[in-house]
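Undergrad: Got a predicted structure here, sequence first:
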Amino acid sequence: MRGWLKATIGLAVLCGLLAGADRIAVGVAEDEAADQMAKSGRMSQRPDVSIEGFPFLTQVLSMKLDDVKISADGLTVGDGTHQVALHSFKARLAGVAVSDSMTSAVVDSGTGTGLISYADLAQLLPPASQLVPSAGKLGLGSGSRLSLSYGGPGKLKAALGPLPIGEGSVHSEGNTVTADGFKLSSMAGMLAGLANQQVEPVSFTLTALPAGLKLASVSPQEEGLQLTFDGKDVKVIG
């Protein structure tokens, strides 16, 4: 009986040591993965990385991580000319094949979300002079831009300077985001001398999205435009 008890205690201690070693190893791997993602240029800043699943060491032996979560706040995205902040970025990567030195990693599939504030979104839009002919007649400067705000599910409200121009919709195709359907009020149209009161659609194409993912969809929220990302066979390191 005593021999069985000693053996049980010894096994429990050994399991505890192995579990502790596993957690230490996963912590080291998470730090290295975060560093490599930043160095590879797939992320504009060092993210937080969480490698899910237990035990970790068996995943290492197979050279494939089942489930990896990454997050960061204040990443930057842009259209090649302007850069804006991408807030609250979170992504989940499934089936991450890694090299033994963590210098390369390819993901079977990944999904993520992030948010661009409406104030930052305005920086990606063309100036008012490109959207509305004779914008100067509305008292708008050459650098004036269309400002956007939440208009309800799937909708945006827009204004040109102090002039509201109603609601429009926003959608994406590939990495290009387009907002359209806006219309000048009758009074604003008369002031500008416009026969056609429609505001030209506005669009921008995002480049270098985080973690090598692609833009899947956009959705207006109270606090800004939410972006949804996805991707398959994505290289996140190397």
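TA: Sure, I can see it.
Undergrad: helix, strand or coil for the residue most central in space within the chain?
TA: For the chain, the residue nearest the mean C-alpha position is residue 114 (3.7 Å; CA atoms, centre = their mean). When classified by DSSP: H, G, I helix; E, B strand; the rest coil, residue 114 comes out as strand.
Undergrad: and what of residue 54?
TA: Residue 54 - assigned by three-state DSSP - is coil.
Undergrad: Same check on residue 119?
TA: helix.
Undergrad: what's the neighbour count on it?
TA: 13 (other CB atoms under 10 Å). Where you see a C-beta, it was placed from the backbone N, CA and C, and this is true even at glycine.
Undergrad: ok, it - contacts?
TA: Applying CB atoms under 8 Å, 6 or more residues apart in numbering to residue 119 gives no contacts.
Undergrad: where's it relative to residue 112, distance?
TA: Residue 119 is 22 Å from residue 112, where distance means CB to CB, to the nearest Å.
Undergrad: And residue 51, by the same measure?
TA: With CB to CB as the criterion, residue 51 and residue 112 are 16 Å apart.
Undergrad: And residue 41, by the same measure?
TA: 17 Å.
Undergrad: So residue 34 lies in a helix, does it not?
TA: Yes. Under three-state DSSP, residue 34 sits within a helix.
Undergrad: More neighbours: which of residue 41 and residue 112?
TA: Legend: neighbour count by other CB under 10 Å for residue 41 and residue 112, higher for residue 112 (22 against 9).
Undergrad: buried ones in the helix or strand encompassing residue 86?
TA: Residue 86 belongs to strand 83-98 when assigned by DSSP states H and E. Under the neighbour-count criterion of 16 or more other CB atoms under 10 Å, strand 83-98 has 84, 85, 86, 87, 89, 90, 91, 92, 93, 95, 96, 98 buried.
Undergrad: Quick one: the helices in the protein, in order.
TA: Applying DSSP state H to the chain gives helices spanning 2-40, 56-62, 118-121, 128-131, 186-192.
Undergrad: Low-confidence bits of this structure, can you list those?
TA: 1-25, 128-144, 161-162, 184-198 (pLDDT under 70).
Undergrad: Break it down into its structural domains.
TA: Here the domain parsing of the chain from automatic domain parsing is 2-112+233-237, 119-205.
Undergrad: which residues does residue 205 contact?
TA: Applying CB under 8 Å, 6+ apart to residue 205 gives the contacts 79, 80, 174, 175, 176, 177.
Undergrad: Which among the domains of the chain is found nearest to residue 213?
TA: Nearest to residue 213 among the domains of the chain is domain 2-112+233-237 (5.6 Å), distances taken as CB to CB.
Undergrad: starting at the chain centroid, how far to the closest one?
TA: Centre-to-centre, domain 2-112+233-237 and its host chain are 18 Å apart (CA atoms, centre = their mean, to the nearest Å).
Undergrad: Distance check, the residue nearest to the centre of the chain against residue 124.
TA: Residue 114 is 14 Å from residue 124, by CB to CB.
Undergrad: Same check on residue 44?
TA: From residue 44 to residue 124 the distance is 16 Å (CB to CB).
Undergrad: got it, and residue 232?
TA: With CB to CB as the criterion, residue 232 and residue 124 are 27 Å apart.
Undergrad: What of residue 199?
TA: From residue 199 over to residue 124 (counting by CB to CB), the distance is 16 Å.
Undergrad: tally of neighbours for residue 173?
TA: Around residue 173 there are 10 residues (other CB under 10 Å).
Undergrad: And for residue 219?
TA: The number of residues near residue 219, taken as other CB under 10 Å, comes to 15.
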